[in-house]
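Asks: Provided below for reference: sequence and predicted model.
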Amino acid sequence: MKRMEMKGKPAIKVAIVLFPFLFSTTTAVAADNSYVPHAGGFWNVPGNWSQGSVPNANDDVRVVVSGGSHKAVDYNWTGSTAFDDMTIDGGTSGQYGAIWQLQGEILANEMFLGNVGEAWHWMESDALLWLLDDLYVGYQDPGPGHFYMACTSNGLIVNDNSYVGYSGPGDFDHIMGTHICNHLFVGQSDQGTYWLKGSEESSILEPQYYIIVGNGDVGLFEQTGGHVNNMDAFLGIGLNPGGEGTYNMKGGTVDIDRISIGYAGDGYFNHTGGVVNTDGNVNIGVYDAQPHRAWYKISDTDGDPELNIGGDLNIGEISLAKFEQNSGGTTTVDGNIEIWEGAPGDYSYLYLGLNADWIEAAQVINHSGYYDQDGGTMSTPSLTNDSTYGINIDNNADLRATNVTNNAGTFWMWRNAELRGEYAGGGMYFMCNFTNNATFQMGNASFNGGTFTGHLTNHGTFNYYQGDFSDSTLTNYGTFNCNNPFTCNRLVQNAYAYNVTTSAPITAYGSGYANAFENNANLTIQSGAAVTVVNSPLVNNDNFYAGGTVNGDVVNNDYLNPGVGTSAHGELYIDGDFTQSSSGFFRSRIGGTMPVTEFDRIRITGHATLAGTLQVLLTDEFTPELGDSFRVMIANGGYTGQFTNESLPALPAGLEWEVIYTSIHVQLNVVEEGDPCPADLTGDDQVNIDDIFAVLGLWGPCPPPCPPYCIGDLTEDCSVNIDDIFAILGQWGLCD
């Protein structure tokens, strides 16, 4: 097919070749030349015209119903044209007027279709219609006007405006051929319909500046094929008050600069097939605050729809708007997706349905609207929510956002939803770096919370009910409401206070990290509650109140108090190894002689490595007596090292504390001042085989400071050795 190209007025240059007589020095006065026979006939019969000759250059051509019959004129003219205006009109009783242009060329200033009755202009074959000004399809009410084009080559050129539904109803059936115009209005001041059909190669619409669907009345543009082709042009839907524009995209291709939906009128873009490409933005809800009057909907009803946006997708920036991708479809946004409220008291939104395919964008920013994803895939390097309406991902939604920031409202996850980073190739995904400054909730009492894979840094509130967090890290500075057992790869506790409860135990795998659970603030494990660490230890760097169980290794670098804060005494059970560094501080509160209920202790199934400080406090007005003994630490795997510093409370006159390190115990004994029985290392008022075992457990050089004192060094030579066993044998028996 021969394509015609026109950029505004320069298209007239082509007319110099087609119609050289336009530039004659003789100027004719325009006159009406009306087609006379009631039923029409052939154009080329001079007697069929009111002037007795076929229309001449500058004539106003009129094909108007004048009787009770339809009037159809068969355009079979091959001579010169260059008419002034062409008017085609029907009768008041349902008769139509028509020109069948099945061949040849027409050049005219303007064409008017439909006034008091119905009118047609029908084009086929290689016909060419060139209008130097405007085309009016449905010129006046009641009309209507019809334009049909099925040209195998050539087609329609309008140097200015093509109106479909000007002041009367009109429709344009574009099956084949090229339609070039400066501007196309569908539904100008009355109802208008434009159908674009055929193949992309044979059916082409080239607006030079813009297409408006629903300017001041109802406009429908339905594309099942063909090609809207000008990346410099603009598509507006629902422009003015009273305008209601609908674009049904079912097939073919749209190449356009930008699309705006819902100015001061209603705008609807239903994308069910075909490809839409823009160089610039797609704007939905762009003028006036109006309820539910602008949306772009994608579904795969008629094929596999594809939307490619070279700029931004803006939803509800001024007025209420929706973007819905319900089923199938692919949307690629080179710029950002941005969502606003659109209208006070309501909200605009982006929605991905259960059977949606995918969307990708440079950024997603929810300023003040709502993001709702029930399915499909959203892929973006960055998602930011600043809206109190929040974000919801549900059902089988797959949100792939490498960086997420939630600053307002609630970010909800439900059922089989998945939140992770972008696809990294090779079946792998990046981690999602999620900064929560508002509320993030996974599931509730009834529904699963989906799967999160990444690093959640919580400065707001994290409500956990159900869901898979097992491959992820939680760094908590805010409120962590854990309502059920919680499994993660790593947990870093930086909040003012966090309690591990009996109903919500914590499991942290610690794969790839030096610690699985790191406490940098105030951590409490309630009595009966548990923390499980697998591949690396629980490390305490601040205040640790522990009355429950740690399954795994524990490293204490700061304050550790068995029990739960200032409440009753308790026991920390460690099913693993325990290490206290030189900065560590182990406190045991003693309010009686009964372990756990009256004094604090640690029970360890593995090995204990000791340093730092041992502090003992007396509580409940308890005063120890001679012979009282308190095993504040039990390590079934034995000890390495001792507490470097001891802070012990004052005892009644004549009594002193004796700190004993046996093979498995750290024991506090109340003895007579001066230690009358130094060989009784176990504090059982007997010097026996147990004391020899205690010496064997302390064997080797004494840690500093030595001298003056080292547990087990009875000979005061700064070494626990065979001489100390002989000293025990020398004091064998009962202590006085």
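Replies: Arrived safely.
Asks: domains of the chain?
Replies: Here the domain assignment for the chain is 1-160, 687-736, based on automatic domain parsing.
Asks: any idea which of those domains is most buried?
Replies: Most buried of the domains of the chain, by mean neighbour count (mean count of other C-beta atoms under 10 Å): domain 1-160, with a mean of 19. Backbone N, C-alpha and C define where each C-beta goes, glycine included.
Asks: and that domain, how far out from the chain's middle?
Replies: Offset of domain 1-160 from its chain centre (C-alpha atoms, centre = their mean, to the nearest Å): 55 Å.
Asks: what does stretch 167-187 give?
Replies: With C-alpha atoms, centre = their mean, you get 39 Å for stretch 167-187.
Asks: what comes up buried for it?
Replies: Within stretch 167-187, the residues that count as buried by 16 or more other C-beta atoms under 10 Å are 167-172, 174-187.
Asks: ditto for stretch 470-482
Replies: Under the neighbour-count criterion of 16+ other C-beta under 10 Å, stretch 470-482 has 471-480, 482 buried.
Asks: could you list the low-pLDDT ranges of the protein?
Replies: 1-29, 289-292, 565-567, 675-676, 705, 707-709, 734, 736 (pLDDT under 70).
Asks: helices along that one, start to end?
Replies: Ranges of helices in the chain, per DSSP state H, are 12-18, 689-697, 722-730.
Asks: export the ones you listed to TSV and tack on distance to residue 326?
Replies: Below are the helices of the chain laid out as TSV (distance: least, C-beta to C-beta, whole Å):
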stretch	distance to residue 326
helix 12-18	45
helix 689-697	73
helix 722-730	84
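Asks: quick one, which of those helices gets closest to residue 404.
Replies: helix 689-697 (53.5 Å; C-beta to C-beta).
Asks: reformat the domains of the chain as TSV; add distance to residue 348.
Replies: Output for these, formatted as TSV (distance: least, C-beta to C-beta, whole Å):
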stretch	distance to residue 348
domain 1-160	34
domain 687-736	70
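Asks: of all the ones you listed, which one is nearest residue 622?
Replies: domain 687-736 (24.2 Å).
Asks: relative to the whole chain's centre, how far out is the closest one?
Replies: Domain 687-736 sits 68 Å away from the centroid of its parent chain (C-alpha atoms, centre = their mean).
Asks: may I ask you to name the longest strand in this protein?
Replies: Scanning the chain for the longest strand, with DSSP state E as the assignment, gives strand 145-164.
Asks: coming back round to it: wait, which of the helices of the chain is closest to residue 236?
Replies: helix 12-18 (26.8 Å).
Asks: now do the end-to-end distance for stretch 97-111.
Replies: One end of stretch 97-111 sits 13 Å from the other (C-alpha to C-alpha, to the nearest Å).
Asks: repeat that for stretch 549-558.
Replies: 19 Å.
Asks: can you tell me what sits against it?
Replies: Residues outside stretch 549-558 that contact it (C-beta atoms under 8 Å, 6 or more residues apart in numbering) are 515-516, 525, 529-534, 536-544, 572-581, 583-586, 606, 612.
Asks: do stretch 589-601 as well
Replies: For stretch 589-601, contacts defined as C-beta under 8 Å, 6+ apart pick out 561-563, 568-572, 587-588, 616-620, 622, 624, 628-634, 668.
Asks: one more: stretch 643-653?
Replies: For stretch 643-653, the external contacting residues (C-beta under 8 Å, 6+ apart) are 580, 582, 586, 610-618, 623-624, 657, 659, 666, 668, 670, 673, 703.
Asks: mind running it again at 7 Å?
Replies: 582, 610-618, 623-624, 657, 659, 670 (C-beta atoms under 7 Å, 6 or more residues apart in numbering).
Asks: now, which of these lie within strands?
Replies: 613-618, 657, 659, 670.
Asks: any chance of a markdown table for these, columns neighbour count?
Replies: A markdown table is the format used below for those (neighbours: other C-beta atoms under 10 Å):
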| residue | neighbour count |
| --- | --- |
| 613 | 17 |
| 614 | 23 |
| 615 | 18 |
| 616 | 21 |
| 617 | 15 |
| 618 | 16 |
| 657 | 16 |
| 659 | 17 |
| 670 | 20 |
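Asks: farthest pair in these?
Replies: Checking the ones in strands among the contacts of stretch 643-653 with C-beta to C-beta, the most distant pair is 613 and 670, at 20.4 Å.
Asks: re the thing from before, what packs against the longest strand of the chain?
Replies: Applying 3 or more C-beta pairs under 7 Å, 6 or more residues apart in numbering; DSSP states H and E, one finds that strand 145-164 contacts strand 105-113, strand 118-125, strand 128-131, strand 135-137, strand 170-186, strand 192-196.
Asks: tilt between it and strand 170-186?
Replies: 0 degrees (axes from the mean of the first three to the mean of the last three C-alpha atoms, to 10 degrees).
Asks: next one: the closest residue in space to residue 718 that isn't next to it in sequence relative to residue 613, how far apart?
Replies: The shortest distance from residue 718 to any non-neighbouring residue, by C-beta to C-beta, 6 or more residues apart in numbering, is to residue 706 (4.2 Å). Here the criterion is C-beta to C-beta, to the nearest Å. By it, residue 706 lies 18 Å from residue 613.
Asks: spit out the contact partners of residue 391.
Replies: 366, 371, 385, 411-412 are the contacts of residue 391 under C-beta under 7 Å, 6+ apart.
Asks: and the residues you listed, which of them are in strands?
Replies: Those of these mapping onto strands are 366, 371, 385, 411-412, per DSSP E.
Asks: adding distance to residue 453 and neighbour count, write these out as CSV.
Replies: Putting those into CSV (distance: C-beta to C-beta, whole Å; neighbours: other C-beta atoms under 10 Å) gives the following:
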residue, distance to residue 453, neighbour count
366, 21, 29
371, 19, 26
385, 19, 28
411, 15, 26
412, 17, 21
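Asks: could you point out which of these is nearest to residue 712?
Replies: If you rank the ones in strands among the contacts of residue 391 by distance to residue 712 using C-beta to C-beta, residue 411 comes first, at 59.0 Å.
Asks: quick one, what contacts the closest one?
Replies: Listed by C-beta under 7 Å, 6+ apart, the contact partners of residue 411 are 385, 390-391, 436, 439-440.
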